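Chemist: when you get a sec, could you give me coordinates for this:
(one chain, ligands or ions: 1)
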Amino acid sequence: MANNNSSSNPTLAAYKKAVELLGMKLNIAKALEMPDRELTVEVPFKMDNGDVNSVVGYRVQHNNTRGPFKGGIRYHQHVDIEEVRALATLMTWKTSLVDIPYGGGKGGIAIDPSNYSKNELERISRKFFRAIDPIVGPNVDIPAPDVNTNAQVMSWFMDEYSQRHGYTPAIVTGKPVELGGSLGREEATGRGTAIITKEAADKWNIDLNKSEVVIQGFGNVGSYAAKFLNEYGCKIIAVSDVSGGLYDPNGLDINNLFDHNKKHRTIDGFGGGKKITNEELLALKCDFLIPAALGSAINSSNVNSINCKVIVEAANGPVTGEAADKLWKRKIAIIPDILTNAGGVTVSYFEWVQNLQQFKWTKQDVNKKLQEKMINAFNEVYAVKIEKKVPMRIASFMVAIDRVQQSYILREG
Ligand code: GLU
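Modeler: As a prediction, the model looks like this:
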């Protein structure tokens with residue numbers, strides 16, 4: 001999704017449409033579109049063989065009108081400033097949509113983490129955090145995991161920051177529970193995705209117990225979404241990861257596949273299901289297609305093959321703007337990323353609150369509050385969708401942008 005052109009960047013296209021429908025003043029629309037601050041850093045680090053190497057990292061702080069900048073840090077070879085900027089912007093709308101007191105930010109390092117040892121990744125992570133230290137803080141900007149980063153990386157970040165500033169667990173979220181992480185955070189994005197899918201099933205008159213689901217991506221988000229949807233009674237007929245897809249029209253054995261994936265970090269080598277390609281997987285006839293991998297997975301080259309009733313965007317930006325327009329014409333609904341995957345940042349917020357209060361919540365507390373937040377946001381968006389006769393993405397942006405706009409006018413006006 002490293003593209004800021006409004007026809008292929010769904011964020012920009014939806015932003016412009018929502019601004020128009022809200023009748024927003026253009027000077028305010030322009031101010032809210034522009035990122036507050038962008039930082040590019042060189043990250044020098046020592047390789048295991050003793051050589052010094054350098055990689056490039058970014059932190060974009062899009063908007064902090066409603067609270068500190070908030071958003072993950074990804075490690076991926078395709079990371080660049082445009083992608084990070086687009087993802088930081090999405091975070092502003094996402095935190096606003098679920099009404100948590102944050103703005104939006106995002107970071108990334110342009111590396112393929114599989115090319116580095118664990119020790120090298122630790123050194124890269126610590127050096128990166130040192131490089132962005134001047135602009136982060138528990139009330140300023142709070143990073144979190146994203147693609148290819150996890151609780152271990154957050155532990156290094158937290159340790160690096162705490163060594164300089166004193167014990168500060170609230171500097172990052174998505175930490176291990178032993179270091180101040182929240183119960184329920186690891187599975188929160190997948191759980192939120194399942195909750196939103198259930199709400200969508202209700203509104204689109206799909207019987208969840210008889211529904212067929214296809215999931216692209218079996219990382220943290222896809223695997224937990226599969227697990228919870230399987231518990232809700234859905235039949236998960238296909239899933240994929242970088243090794244390819246697995247298909248079983250009678251439903252995959254999700255519990256065993258989940259365990260296999262936890263152990264081997266891939267679905268490859270699992271006994272069940274027939275092997276299929278990623279393109280075949282996206283074209284399967286199903287009720288819910290859940291892209292839970294990278295951006296632009298559904299684009300103009302494969303959109304005509306899509307054969308589902310509803311797309312539930314668990315990844316950030318998985319459907320390009322052009323593809324979204326074509327799907328709207330074919331009456332295939334899209335539940336947008338800023339709603340679907342907001343469970344992750346919502347429980348990040350709960351983690352931060354627990355860190356600031358130094359008081360631990362139970363898993364039941366976390367899950368109950370997560371469910372409330374997700375369902376409230378879904379209902380708010382759905383009401384706007386019906387009233388204005390617009391797609392769910394536009395309705396989501398309208399709710400989110402309006403909330404930021406109101407705070408912005410109060411602060412700046
Ligand atoms: N990276 C996740 C997202 O895109 C989580 C962000 C967070 O918890 O701050 O929503």
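Chemist: which strands or helices does the helix or strand where I73 lies pack on?
Modeler: Using DSSP states H and E, I73 maps to strand 69-75. Judged by 3 or more CB pairs under 8 Å, 6 or more residues apart in numbering; DSSP states H and E, the packing partners of strand 69-75 are strand 52-63, helix 81-97, strand 104-109, strand 141-145, helix 151-165, helix 342-357. Quick note: C-beta positions are derived from backbone N, CA and C, even for glycine.
Chemist: 7 Å instead, please
Modeler: With contacts taken as 3 or more CB pairs under 7 Å, 6 or more residues apart in numbering; DSSP states H and E, strand 69-75 sits against helix 81-97, strand 104-109, strand 141-145.
Chemist: okay, now the sheet partners of the second one, with direction.
Modeler: Note on strand 104-109: by DSSP bridges, its sheet partners are strand 52-63 (antiparallel), strand 69-75 (parallel).
Chemist: ok, and for the longest one, which residues are buried?
Modeler: Think strand 52-63. Neighbour counts over strand 52-63 (16 or more other CB atoms under 10 Å) mark 55-63 as buried.
Chemist: and that strand, anywhere near the ligand?
Modeler: No. Interface with the ligand: strand 52-63 contributes nothing (CB under 6 Å from any ligand atom), its closest point being 12.6 Å away.
Chemist: return the nearest residue of the stretch 251-400 of the chain with respect to the ligand.
Modeler: S348 (3.2 Å; CB to the nearest ligand atom).
Chemist: got the residues of the stretch 1-150 of the chain near the ligand?
Modeler: 70-72, 94, 144, 146.
Chemist: can I get the residues you listed in JSON lines with pLDDT and neighbour count?
Modeler: Putting those into JSON lines (pLDDT from 0 to 100; neighbours: other CB atoms under 10 Å) gives the following:
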{"residue": "K70", "pLDDT": "98", "neighbour count": "30"}
{"residue": "G71", "pLDDT": "98", "neighbour count": "32"}
{"residue": "G72", "pLDDT": "98", "neighbour count": "25"}
{"residue": "K94", "pLDDT": "98", "neighbour count": "29"}
{"residue": "A144", "pLDDT": "98", "neighbour count": "27"}
{"residue": "D146", "pLDDT": "96", "neighbour count": "24"}
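Chemist: now render the strands paired with strand 104-109 as TSV, adding distance to D112.
Modeler: TSV is the format used below for the strands paired with strand 104-109 (distance: least, CB to CB, whole Å):
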stretch	distance to D112
strand 52-63	10
strand 69-75	8
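Chemist: so which of these is nearest G222?
Modeler: When the strands paired with strand 104-109 are compared by CB to CB, strand 69-75 sits nearest G222, at 15.7 Å.
Chemist: what about the closest one, distance to the chain center?
Modeler: Averaged C-alpha coordinates place strand 69-75 at 10 Å from its chain's average position (CA atoms, centre = their mean, to the nearest Å).
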